[in-house]
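Trainee: Would you be able to build a 3D model of this:
(one chain, ligands or ions: 1)
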Amino acid sequence: MSYDATPRETLACQLAGAVADALRQDLVQQERALLVVSGGSTPVPFFRALAASDLPWSRIDVTLADERWVPEEDPDSNARLVREHLLQGPAAAANFVGLTTADPTPEQGVAEVAERLEGLAWPASLVILGMGGDGHTASLFPDSRELDLALSTGDPLVAVRTPSQPQARITLSADRLHQARRHLLHITGGDKRAVLGRALAGDDMRELPIRAFLSCPLAVYWAP
Ligand SMILES: O=C(O)[C@H](O)[C@@H](O)[C@H](O)[C@H](O)COP(=O)(O)O
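Mentor: This is a model prediction of the structure:
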């Protein structure tokens, strides 16, 4: 990391180092390790820093906390984001499991994706969460009709319709997101710091769904 790195670049390297260390630690004890990552724009420098890590990538499974129900070639696809920025170089040897199918809707594809996930090394070594300005994480949105279901079901996945979002989505349920040894939240900027502050000051998960992850250890990686 160069000394003229921005705070967000420095944060991304710190996060990548912590993730790589955790994966190495788990891979001493088990044959495979699972990493669950979020999409959006924040993770890009983290993905690039992690991709440069010296890891036994062929023993690592990678999946998403959530996905927009679009083809993987779509600019909005989280799978595309992971393939372009994380699964590069040696990290291309990782086993990536996406959350979409050829079905026209997530409701039609959710069972196939759930079956796909069952073959992964749960509990995940790490879940890396992001957060939106409305306190959503993964695709657990305050204005989603399926939020109560996503917060309470024992199913691994939920198809999500959200007025505030242009696309239908599929998300790991809160229960499945909790099936990880480590939870890390990666956010940047003053606005998200303020949202996290509000979340820490209350309990209503429906108001700010990130609160579903504030009752377990959560390493917060934040930069201005
Ligand atoms: O599909 C997604 O968009 C993400 O999984 C989502 O939960 C993301 O983490 C937040 O929306 C923050 O996104 P930004 O990093 O772009 O602010």
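Trainee: Without its sequence neighbours, what residue ends up closest to the residue nearest the centre of the chain?
Mentor: Residue closest to the average C-alpha location in the chain (Cα atoms, centre = their mean): residue 38, at 2.5 Å. Computed as Cβ to Cβ, 6 or more residues apart in numbering, the closest residue to residue 38 that is not its neighbour in sequence is residue 130, at 4.0 Å. Backbone N, C-alpha and C define where each C-beta goes, glycine included.
Trainee: So that neighbour versus the ligand, what's the distance?
Mentor: In this view, residue 130 and the ligand are 2 Å apart by Cβ to the nearest ligand atom, to the nearest Å.
Trainee: Hmm, residue 57 is touching residue 94, no?
Mentor: Yes. At 4.6 Å, residue 57 counts as touching residue 94 under the criterion of Cβ atoms under 8 Å.
Trainee: Give me the more crowded residue out of these two.
Mentor: The residue with more neighbours, out of residue 57 and residue 94, is residue 94; 21 against 18, by other Cβ atoms under 10 Å.
Trainee: who touches the more buried one in this structure?
Mentor: 57-58, 60-62, 86-87 (Cβ atoms under 8 Å, 6 or more residues apart in numbering).
Trainee: so what does the lengthiest helix in the chain touch, helix or strand wise?
Mentor: What stands out as the longest helix in the chain, according to DSSP state H, is helix 7-29. Applying 3 or more Cβ pairs under 8 Å, 6 or more residues apart in numbering; DSSP states H and E, we find helix 7-29 packed against strand 33-37, helix 44-51, strand 126-129, strand 183-188, strand 219-223.
Trainee: run the last query once more with 10 Å
Mentor: Here helix 7-29 touches strand 33-37, helix 44-51, strand 60-64, strand 126-129, strand 183-188, strand 219-223, going by 3 or more Cβ pairs under 10 Å, 6 or more residues apart in numbering; DSSP states H and E.
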